[in-house]
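Novice: My questions concern the predicted model and sequence given below.
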Amino acid sequence: MRKGLSEKQKRVFFGGETEPPFQNEYWDNKHHGLYVDPVSGEVLFSSLDKFDSGTGWPSFSKPVHPELLEYVEDLSHGMRRVEVRTKHTKGHLGHVFHDGPPPTWTRFCINSASLRFIPVEEVVAEGYLAYWYLFSDLSLPFEQIILGGGCFWGVEAYFKEVEGILATTVGYSGGETMWPTYEDVCTGETGHVETVLLRFDPKILPVEKILGHFFFIHDPESENRQGHDVGTQYRSVIFYLSEKHVPAIEKWLEKLRRDGKHPVTHVSPAKNFYPAEEYHQDYIEKNPGGYCHIDLSKRWPG
C-alpha cells in the first residue's frame, strides 16, 4: 500500500515528519470535500469541520470517525504534545490541541501529506456515497442521479453528448457486495446493476429531461435485458440522491403507463455506488466502434 505514496508522504505519514507551515497542499484549501487516509481510504475529516487556525496547517474541529484515530504522548522538541495517528494504518497525522473553536474547543493540526482530499464533486464518483449526506444542505452548482439501462458503456456514451452533463462515471450500484469487480457483477450474485452516475447542471438540464433521455435509450418494459445483454445486472433502475427528484420520476413512469406501457424500472434511494475499473470508464471513447446496444446517432427530441 505504501507504493502509492510520494516520498514526501512516506516521510510524513510513516516517518513522523512535520511539513513546514503555509507550505503544504491543504492549509488554505476552502473547497468542500472529504479528507481521507491516503493508504486505506478511510474517511478522517470533512471540510465542514475545517477552519482557519492561522497556523499554516490544515485544522479541524473534530474527526468524522473518532474511532479511526488513536493518540500517543509526544515529548519531542522539549514539549508535551498529543500525537494523532490513524488506528488501522498507523500513520502519523499531526497533533491535537485544546485551543479550537466551540463547541469542541479542539484543534486537530494535521499534515497535508497525511491526507488525500476528495472534492465534493467527486465524493459519490469515488465510492463515498455514504458520506454524501454531510453535504446535502450545501448550495452546490450541480445535482446527481444514478441510472441503469443496460450495458453502462452505451448509457455513458449517450449522456456524455447531452448538453448540461458535467461528468459521468460508470459503476456498480444496488447490491450488497462491497467494492465488486466486473467479474463479480457478471456472476449475477452480487445484486449490483451496471449504472452510470450523472453529474449535471440543473439550470441547463433539469432532471425531467435527463429522464426523457433515459427512457428514450432503453426499454423500461424489459426485465433484466437490454439489447443482446441479459442478466440482472442489466435491469432498468433509477437510484436517486435527492428526494426532490422523486416527483419527476413518478411523473415519467405515470406517463409511460398512460401511453400503454408497463415499466419495470426499479426506483429507490441510492444506497451505494462503486466506480467500475478504469478500462470501463469512457469505454466507447477509448474504443471507437466498440459494442454498444444504443444507437448513438439518435437523440431524444424532447
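Specialist: Nice, I can see it.

Novice: use CA for all of it now, contacts and neighbours both
Specialist: Fine.

Novice: For the protein, give the helix that spans the most residues.
Specialist: Assignment by DSSP state H gives helix 246-258 as the longest helix of the chain.

Novice: Give me the buried positions along it.
Specialist: Buried residues in helix 246-258, counted by 16 or more other C-alpha atoms under 10 Å: 246, 249, 252-253, 256.

Novice: Give me the residues contacting that helix.
Specialist: Applying C-alpha atoms under 8 Å, 6 or more residues apart in numbering, the contact partners of helix 246-258 are 207-208, 211-212, 240, 262-263.

Novice: if you set the cut-off to 7 Å instead, what comes out?
Specialist: Contact with helix 246-258 is made by 208, 263, as judged by C-alpha atoms under 7 Å, 6 or more residues apart in numbering.

Novice: so for that helix, what's the average pLDDT?
Specialist: The average pLDDT for helix 246-258 rounds to 98.

Novice: Now find how far off-centre it is within its chain.
Specialist: 27 Å (C-alpha atoms, centre = their mean, to the nearest Å).

Novice: Direction included, what does the next helix or strand after it pair against?
Specialist: Note on helix 246-258: by DSSP states H and E, the next helix or strand toward the C-terminus is strand 266-269. Here strand 266-269 has these sheet partners by DSSP bridges: strand 237-240 (parallel).

Novice: Extract the C-alpha set from the strand it pairs with and format it as CSV.
Specialist: C-alpha atoms of strand 237-240 as CSV (Å, rounded to 0.1, in the frame of the first residue of the first chain):
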residue,chain,number,x,y,z
VAL,A,237,-33.1,1.2,-12.4
ILE,A,238,-33.2,4.7,-11.1
PHE,A,239,-31.3,5.4,-7.9
TYR,A,240,-31.9,9.0,-6.7
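
Novice: For it, what does the pLDDT average out to?
Specialist: pLDDT averaged over strand 237-240 gives 98.

Novice: And that strand, how far out from the chain middle?
Specialist: With C-alpha atoms, centre = their mean, you get 15 Å for strand 237-240.

Novice: again with stretch 81-90
Specialist: 26 Å.

Novice: ok, back up a step: closest to residue 57 out of the buried residues of helix 246-258?
Specialist: residue 246 (42.2 Å; C-alpha to C-alpha).

Novice: how much space is there between that closest one and residue 253?
Specialist: As defined by C-alpha to C-alpha, to the nearest Å, residue 246 lies at a distance of 11 Å from residue 253.

Novice: Likewise for residue 127?
Specialist: For residue 127, the distance to residue 253 - C-alpha to C-alpha - is 28 Å.

Novice: isn't residue 175 right up against residue 188?
Specialist: No - here residue 175 does not reach residue 188: they are 10.0 Å apart, not a contact under C-alpha atoms under 7 Å.

Novice: Domains in this protein, by residue range?
Specialist: Listed by automatic domain parsing, the domain ranges of the chain are 2-120, 129-286.

Novice: just for the stretch 1-150 of the chain, where's the confidence low?
Specialist: Counting by pLDDT under 70, the stretch 1-150 of the chain has low-confidence residues at 1-3.

Novice: could you redo the last one with a cut-off of 50?
Specialist: 1-2 (pLDDT under 50).

Novice: how about the strands in it?
Specialist: Here the stretch 1-150 of the chain has its strands, by DSSP state E, counting those that start in this stretch, at 33-36, 43-46, 50-51, 59-60, 69-74, 81-86, 92-97, 107-110, 116-119, 143-148.
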